[in-house]
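*Asks:* Build me a model:
(2 chains)
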There are 2 protein chains.
Amino acid sequence: MAQHQITIKDIAKMLGISASTVSRALKDHPDISPKTKRMVQAFASKVNYRPNALALNLRRSKTNTIGVIIPELVHHFFSSVISGIEKVAYAAGYNVMICQSNEDYNREVIDAQALLDNRVDGILMSLSKTTLQFDHIQNLIDHGVPVVFFDRAPEEIDADKVFIDDFMGAKIATHHLIATGCRNILHLSAPTHLLIGQRRRDGYIKALEENGIPYNPDFVIKCDTRDDVFANAGKILQMANQIDGIFAVNDSTAIAAMQVLMKNDIRIPEHISVIGFGDGPNATIAYPPLSTVEQKGTEIGKEAIQLLLNQIENKDESYNTTTKIITPVLRIRESTMM
Amino acid sequence: MAQHQITIKDIAKMLGISASTVSRALKDHPDISPKTKRMVQAFASKVNYRPNALALNLRRSKTNTIGVIIPELVHHFFSSVISGIEKVAYAAGYNVMICQSNEDYNREVIDAQALLDNRVDGILMSLSKTTLQFDHIQNLIDHGVPVVFFDRAPEEIDADKVFIDDFMGAKIATHHLIATGCRNILHLSAPTHLLIGQRRRDGYIKALEENGIPYNPDFVIKCDTRDDVFANAGKILQMANQIDGIFAVNDSTAIAAMQVLMKNDIRIPEHISVIGFGDGPNATIAYPPLSTVEQKGTEIGKEAIQLLLNQIENKDESYNTTTKIITPVLRIRESTMM
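*Replies:* Presented below is the predicted three-dimensional model:
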């Protein structure tokens, strides 16, 4: 809220003394008489004058509101993170306000400024895919607003961060396929310039290695959306009789692949086992219900808000940032062999 | 944010005159000399003194932020409403902050107060299922905050409201089943104490009537969640050879019913056609992809924010409240006969 802030010049004018006298009186400078100091300090307090230190205190006055900036509400993962955040925040007496960046850097900058203007006590955020500069985040930190990142965090900023272990999740999923008899496993992957794409592919390769199965680069197709699956349907069907398992980088890709295969009379899991990554409600709605890796959104949210509350409530102490890695778990359903 | 507000008494003390002189000077009272008025008014302005009228003006000063209170983010319907809201709000230069009531009246009250404290320019809301009192809403209106409801609105409050036409949606869905050859249609319904339960059942009955099909109350089962379907699986399977169609009150119920039927070798749509209501992403993920009624969340969001912006931007004029009813549309996929 924009309002005129009383300045040292205003006080000087109102009291009929020089600005430097006011400034030194406020700093308790020895050159200024006790009487003048008392007058200036009393007046400054009366008119709500706020020098930087006082502004900082004001900022430290609590609104009991936490701001959250997420890329997209529509993803089940983010809504489960929010439910974890809310559970802990509400119990601790905080309210939660959510802004959506819609994967848009400019919107994320506006959201951060709006939350700062609203004097939230702290901010939890997951970066938009288009965010490559971090001035808006540095600005929050410079204003003394505690920030904790989850899922997508900038390497450039020293802050608390909470992640899911994508490498481990992919390894667990691929191990499960191998344990249930698969040897020729197709990986439908995200682009490897995205960290999750890289880490999930690496987990897949590691599991093959650990089981003595040679890695075949032809068995990795860049295909990480429902539309990608339909675009690659011919290719996937052509490979269908060379493979006995599919590990997809996310559930919606896995489900679309099952639909393409079943349309062509390939049975899941009798002919090909399929496993995804995510475990949103789609996984149980799919036919057959999808085996997958649970991303533990609620737990990520709880860890992130806990780190934020620690910062808010111990603000004056020096603080070492923490990174927490949450291990995902396997959810076995009917799309893989038992 | 709690901070000391300058009062008339403070000004009186600082200027060494009486509080009543200050008060009358601020009101431009004829008993007060022009010189005193100028001094008091200049000083009051300098120290940011805000009488009620000024406080009201301050409330009217724009933050360019819209608050949204919704029951649950995780529902696709609500996230699509939000995307409609954001599209229009962003284009008009407004930011959007979202609070989730989690279907909890107390949380909704806190959310409303938090948005009021944050001086949002207006609020869009859909009531929680547990909200039976409306003082918190009246409080917003009394503070001059424009409020528009979507989907779930209190009859007790005179405000702009945007709804989907549930009756029409159900009628369209049932007509489609009849047009594709169904005569014995099971309706999996929501409780009729909920408006959507009542309206969707009435639309189903109306469609039967319009086609000369007698309404059989045994063909309406209270069953509106995935878990309900599994609990009623025996009953549904027992009825399976008397029926040729199912109209479910929402998509997840329809999808669970398909899963139960298919597990028992009943083919969809050859033996039984199934249609839902909602058209979230589950509908396309289902196998077979689900015919359903599109709830037009994005359009509802756009209409609601448009009504809110009209109020915000014409605040001083007298205003007649509006109710908009959006007609849903049929989405035909593979769970019904072509």
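
*Asks:* so A:Gly276 touches A:Val293, yeah?
*Replies:* Yes - using CB atoms under 8 Å, A:Gly276 is in contact with A:Val293, at 7.4 Å. The C-beta positions use only the backbone N, C-alpha and C, and glycine is treated the same way.

*Asks:* so what sits against both of these two?
*Replies:* A:Ala173 (CB atoms under 8 Å, 6 or more residues apart in numbering or on different chains).

*Asks:* Test my guess that A:Ile98 contacts A:Leu73.
*Replies:* Yes - under the criterion of CB under 8 Å, A:Ile98 makes contact with A:Leu73 at 7.4 Å.

*Asks:* Need the overlap of contacts for the two.
*Replies:* B:73, B:98.

*Asks:* Could you look up the SS state of the residue of chain A found nearest chain B?
*Replies:* Going by CB to the nearest CB, chain B is nearest to A:Tyr287 of chain A, at 3.8 Å. Recorded secondary structure, A:Tyr287: coil (DSSP: H, G, I helix; E, B strand; the rest coil).

*Asks:* That one: how many residues sit nearby?
*Replies:* For A:Tyr287, the tally of surrounding residues (other CB atoms under 10 Å in any protein chain shown) stands at 22.

*Asks:* mind checking pLDDT for it?
*Replies:* For A:Tyr287, the pLDDT comes out at 88.

*Asks:* so what's the spatially closest residue to it that is not a sequence neighbour up against?
*Replies:* Closest residue to A:Tyr287 apart from its sequence neighbours, by CB to CB, 6 or more residues apart in numbering or on different chains: B:Tyr287 at 3.8 Å. By CB under 8 Å, 6+ apart, the contact list for B:Tyr287 reads A:258-259, A:262, A:286-287, B:258.

*Asks:* Of those residues, which is the nearest to B:Val68?
*Replies:* Distance to B:Val68, by CB to CB, is smallest for A:Ala286 among the contacts of B:Tyr287, at 30.9 Å.

*Asks:* What is the neighbour count of the closest one?
*Replies:* A:Ala286: 29 neighbours (other CB under 10 Å).

*Asks:* Quick one: residues contacting it.
*Replies:* So A:Ala286 contacts A:251, A:254-255, A:258, A:335, B:285-287 (CB under 8 Å, 6+ apart).

*Asks:* Sort out which one of the contacts of B:Tyr287 lies nearest B:Lys171 for me.
*Replies:* Nearest to B:Lys171 among these, with distances taken as CB to CB, is B:Met258, at 22.1 Å.

*Asks:* What secondary structure category should be reported for that closest one?
*Replies:* Per three-state DSSP, B:Met258 ends up helix.

*Asks:* do A:His187 as well
*Replies:* At A:His187 the chain is in strand, as set by three-state DSSP.

*Asks:* Show me what it is bridged to.
*Replies:* A:Val220, A:Phe247 (DSSP bridges).

*Asks:* distance of A:Met125 from A:Asn139?
*Replies:* Going from A:Met125 to A:Asn139 by CB to CB, to the nearest Å gives 13 Å.

*Asks:* Let me know the pLDDT of the nearest residue to A:His175 once chain neighbours are set aside.
*Replies:* Nearest residue to A:His175 in three dimensions, chain neighbours excluded: A:Ala207, at 4.9 Å (CB to CB, 6+ apart). With respect to pLDDT, A:Ala207 scores 98.

*Asks:* Could you pull up the contacting residues of A:Ala207?
*Replies:* A:170-175, A:178.

*Asks:* Just put these in TSV and tack on distance to A:Ile326 and neighbour count.
*Replies:* Converted to TSV, the contacts of A:Ala207 look like this (distance: CB to CB, whole Å; neighbours: other CB atoms under 10 Å in any protein chain shown):
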residue	distance to A:Ile326	neighbour count
A:Ala170	15	28
A:Lys171	15	23
A:Ile172	13	19
A:Ala173	16	31
A:Thr174	19	26
A:His175	19	18
A:Ile178	24	18
